[in-house]
Structure formats: structure tokens, C-alpha cells
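In: need the 3D shape of this:
(3 chains)
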Amino acid sequence: MKTPQTVFTLRVPTADGVFPAVYSQTGLCELSFPRRNAPRLFEPASDVPKQVQQWHSLTCQAVERLLAGLPPGRLPPLDISAGTEFQRQVWGAMRAIPFGKTLSYQEIALSIGNPKACRAVGGACGANPIPLLIPCHRVLAAHHHLGGFSGGLDWKIKLLTREGSWTPELDIFST
DNA sequence: CCACGGTGGTAGA
DNA sequence: TCTACCACCGTGG
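Out: Model (predicted):
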């Protein structure tokens, strides 16, 4: 039998909406895009351990900065223990993409030593539990195609544009 | 632009 | 197990 671990869900308020952030004992384990039906599953501030509050403060600053088109600065610890081995490899490769740069799904596959797994890399991107801070929006299809985005393509375009690393005319096939 | 075959990983039956 | 998905990619029409 598995003991359910305690988690805390806090809001990250921004000009673009409220991002729910979920923390485990070891760090941030989930960050979601703003939803239409904002759930009221947020903890009262008084119940939140001091360490989680510190992590959350880092999360809020990082998200604010990214949305403003700035490098995120210091991040909280990220708890990716829920992922499979393959997914953790892909997420690790994405974390290594610097602000303002992009890689293709294929390049990610190469960098983890699994060159034919480009399609599977797309699957792992879609399963990324911490978008923005694990920057899956910096992964494009070949030839500067946008590719997909589980949070909605609008977000991918917005984030890449604010980072200055993509414009529509870069996509040589779309016009 | 479209269709298709070749891919690896994952969830569900 | 087997099967049916996929945020892919190259080739060929």
C-alpha cells in the first residue's frame, strides 16, 4: 500500500491569469496554465510550511520574469520523480536549453543518445508537468516549424516571441 | 500543399 | 502481451 504524500497547491497570479503550482516534500512538482474554471483548491497561506513558501516565492518570480520576456533567474527545486526514466532524460535536456535558444525534437533525441526517438521526445514534452520552468516551449519541429504544445499553441507563440527566439517568417514552409 | 512509411515510448485492454 | 495512440521526420508526388 502506498501512502499518499502531502502536497500543497498555491496560486501564481500574473497578468496572464493564475497558474496553479503544486509542491511535494522535495520541490515543485506541477505548474499548470491558467484555467477557465479556476478551482478553489488553494491552501490558506497560514497552512503552508515556510520552505514551501520560499520555493513558491522563487516560482512566482521566475514565472513573472519569463512572462515579461526576461531570463527566469533562480528556480525552486523541481520534483520530477513522477516521470519515467526516458521522460526524465528528455526533461533534463530541455532544462539545459538556454533562455532565448531553441532546439528541435530531433536534436533533443540526439542529445540523450537515442537518435531515432524524436517522435517519442514529442510525447515526453507533452507529459512535462512543469512547463515554463522546464522550457518545453523551446523545442521546435524541424526547419523552424512550430510543432505542437499541450498548453495551446497560443502560449508557445507568446513565450517564444517574448524570448525573442521565434518569428512567423522563420517557418520556411508556412505562408 | 498532401500522403505515407519508419520510427520509440506510453497507456490501456 | 498486443494495440492504438502521439507536440516527429524524411521522401516523394
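In: mind jotting down where the strands sit in chain A?
Out: Along chain A, counting by DSSP state E, strands occupy A:8-14, A:17-23, A:28-31, A:103-104, A:139-140.
In: out of these, which gets nearest to DNA strand B?
Out: Taking C-beta to the nearest atom of the strand, strand A:103-104 is the member of the strands of chain A nearest to DNA strand B, at 13.0 Å. Using the backbone N, CA and C atoms, a C-beta is placed for each residue, glycine as well.
In: for chain A, what lies in contact range of DNA strand B?
Out: For chain A, the residues in contact with DNA strand B (C-beta under 7 Å from any atom of the strand) are A:84-87, A:114, A:116-120, A:122-124, A:127, A:173-175.
In: next step: those restricted to helices.
Out: Mapping the residues of chain A next to DNA strand B onto helices (DSSP state H) picks out A:Glu85, A:Phe86, A:Gln87, A:Cys118, A:Arg119, A:Ala120, A:Gly122, A:Gly123, A:Ala124.
In: quick one: these as TSV, columns for pLDDT, neighbour count and distance to A:Trp155 too.
Out: Below are these laid out as TSV (pLDDT from 0 to 100; neighbours: other C-beta atoms under 10 Å; distance: C-beta to C-beta, whole Å):
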residue	pLDDT	neighbour count	distance to A:Trp155
A:Glu85	98	6	28
A:Phe86	98	16	24
A:Gln87	98	19	20
A:Cys118	98	17	22
A:Arg119	98	10	22
A:Ala120	98	15	23
A:Gly122	98	19	16
A:Gly123	98	13	19
A:Ala124	98	25	18
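In: what mean pLDDT does the longest helix along chain A get?
Out: As assigned by DSSP H, the longest helix anywhere in chain A is helix A:50-67. For helix A:50-67, mean pLDDT is 97.
In: near DNA strand C, which residues of chain A?
Out: Residues of chain A lying near DNA strand C (C-beta under 7 Å from any atom of the strand): A:104-106, A:118-123, A:125-126, A:128, A:131, A:136-137, A:139, A:141-143, A:145, A:147-151.
In: count of residues packed around A:Lys158?
Out: Neighbour count of A:Lys158, defined by other C-beta atoms under 10 Å: 15.
In: tell me how far it lies from DNA strand C.
Out: Using C-beta to the nearest atom of the strand, to the nearest Å, one gets 14 Å for the distance from A:Lys158 to DNA strand C.
In: repeat that for A:Glu30.
Out: Per C-beta to the nearest atom of the strand, A:Glu30 is found 13 Å from DNA strand C.
In: who's in contact with that residue?
Out: A:Glu30 sits next to A:Pro20, A:Ala21, A:Val22, A:Pro129, A:Ile130 when contact means C-beta atoms under 8 Å, 6 or more residues apart in numbering.
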